[in-house]
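Asks: sequence first, then the predicted structure:
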Amino acid sequence: MDLKDKISFGFALPHRSIEPMDVGVVRQIAQRAEALGFRDLWVTENTLDHVFCLDSVVALSYAAAITTRIRLGVSVMVLPLHHPIHVAHQLATLDYMSNGRAILGVGLGRDSHYQEFQIPRERRVRRFKECVEVIRALWTEPKVDFEGDIFQVKDAIMMLKPVQKPAPIWFGGAHPDAIRRAAAIADGWMGSGSSSTKAFARNVSLLKAELERADRDAARFPISKRVFLSTHENAEVARADINRWFNIVYRRPAGADGSGLHGTPEQLRAQIEELVETGVSHLLLNPVCRYAEQLETLSEIVGLR
């Protein structure tokens, strides 16, 4: 059985790289991934970054304009850094302009983000939860009154609504508390690309247990993982690609073998199969270089062509 018949696959829109990104490659990948049948395109949010990175919503808006069917997601937007009214309007606009293809992924981010954006780290979970509440209210209610500890909204009207009803909000985060929040109030969950397969499998088990506790159907709850990877006929080339990525981007030399997938196409298929066995329903394939070449190879590996 082809892997595509077991789970769905997304593809990372080229947006974050060690070298500056060629816009022609972004366009090529967006259109070719759609033609091959990948379910969605994804970007990250990394605003102040030591490597090249496009703005998430702008990049997805560009992708929306040059595609017609493929879904468009950000995973994750560091939600407490933003005002929820702005996020609600941005993503509703993206969903409207793409005819119902947007997915908002959100998370708490790292401690450094709060210093960079001069947002208090204290009560960040409360800020996060209130952001989600305000966004959903603006997406669904004709007039919003919200009295929170952080945000107060009075007689707020946002006539623009998402095409999707409801528009999905996925959560990220590997901390047990983050996973419990996802099971309680999110529409899906995506594990990080820096997590190992073993750690991810433990998190999936916890998530499914929490979904059951919340009386939610795990079979209908998207469970995903970003997968940093490289494949090449020469396995050492693929390993060098991943090693360079984790060394420069994450400053974690051990990440190449602990988190990233690498090897020949045959080796990579076996590694993806291992991830499928953890209980995911979706994987986001994120090559770290040679995007067009690896898009074609990966589509063969998972059975899309």
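Replies: Everything's here; your move. Computed from a predicted model, the values in this text were never measured in an experiment. Numbering: from 1, shown residues only.
Asks: in the chain, mark out all the helices, start to finish.
Replies: With DSSP state H, the ranges of helices along the chain come out as 23-36, 56-66, 84-97, 111-116, 124-140, 176-185, 197-213, 235-245, 255-258, 265-276, 291-302.
Asks: let's have the ones you listed in CSV, adding mean neighbour count, distance to Phe11 and mean pLDDT.
Replies: (C-beta placed from N, C-alpha, C; glycine too.) Compiled in CSV, the helices of the chain are given as follows (neighbours: other C-beta atoms under 10 Å; distance: least, C-beta to C-beta, whole Å; pLDDT from 0 to 100):
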stretch, mean neighbour count, distance to Phe11, mean pLDDT
helix 23-36, 18, 4, 98
helix 56-66, 20, 11, 98
helix 84-97, 20, 18, 98
helix 111-116, 14, 26, 95
helix 124-140, 20, 26, 98
helix 176-185, 18, 23, 98
helix 197-213, 17, 19, 97
helix 235-245, 19, 17, 96
helix 255-258, 18, 21, 72
helix 265-276, 16, 13, 97
helix 291-302, 19, 7, 98
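Asks: among those, which is nearest Val43?
Replies: The minimum distance between Val43 and those falls on helix 56-66, with 4.7 Å, by C-beta to C-beta.
Asks: that older thread, tell me which of the helices of the chain sits nearest to Lys6.
Replies: In this view, the helices of the chain are compared for proximity to Lys6 by C-beta to C-beta, and helix 265-276 is the closest at 5.6 Å.
Asks: what is the closest one packed up against?
Replies: When contacts are defined as 3 or more C-beta pairs under 8 Å, 6 or more residues apart in numbering; DSSP states H and E, helix 265-276 packs onto helix 197-213, strand 223-231, strand 261-263, strand 282-287, helix 291-302.
Asks: before we move on, the earlier item: among the helices of the chain, which is nearest Val76?
Replies: Val76 lies closest, by C-beta to C-beta, to one member of the helices of the chain: helix 56-66, at 9.3 Å.
Asks: so who does Gly100 touch?
Replies: Neighbouring residues of Gly100 by C-beta atoms under 8 Å, 6 or more residues apart in numbering: Pro162, Val163, Gln164.
Asks: want to throw the helices and strands packed on helix 265-276 into CSV with distance to Ser112?
Replies: Formatted as CSV, the helices and strands packed on helix 265-276 follow (distance: least, C-beta to C-beta, whole Å):
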stretch, distance to Ser112
helix 197-213, 22
strand 223-231, 20
strand 261-263, 27
strand 282-287, 22
helix 291-302, 28
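Asks: of the ones you listed, give the one that comes closest to Val106.
Replies: Closest to Val106 of the helices and strands packed on helix 265-276 is strand 223-231 (C-beta to C-beta; 13.9 Å).
Asks: angle of the closest one against helix 235-245?
Replies: Note on geometry: by axes from the mean of the first three to the mean of the last three C-alpha atoms, to 10 degrees, strand 223-231 and helix 235-245 are set 120 degrees apart in direction.
Asks: what lines up beside strand 223-231 in the sheet?
Replies: In the sheet, strand 223-231 lines up against strand 188-191 (parallel), strand 261-263 (parallel), strand 282-287 (parallel) (DSSP bridges).
Asks: hmm, back to that, out of the helices of the chain, nearest to Asp5?
Replies: Short answer: helix 291-302, nearest of the helices of the chain by C-beta to C-beta, at 9.5 Å.
Asks: contacts for the closest one next, please.
Replies: With C-beta under 8 Å, 6+ apart as the test, helix 291-302 has contacts from 2-4, 9, 11, 14, 25, 28-29, 32-33, 36-38, 229-231, 265, 268-269, 272, 285, 287, 305.
Asks: residues in contact with stretch 210-220?
Replies: Contacts with stretch 210-220, where a contact means C-beta under 8 Å, 6+ apart, come from Ile179, Arg180, Ala182, Ala183, Ala184, Leu207, Lys208, Phe221.
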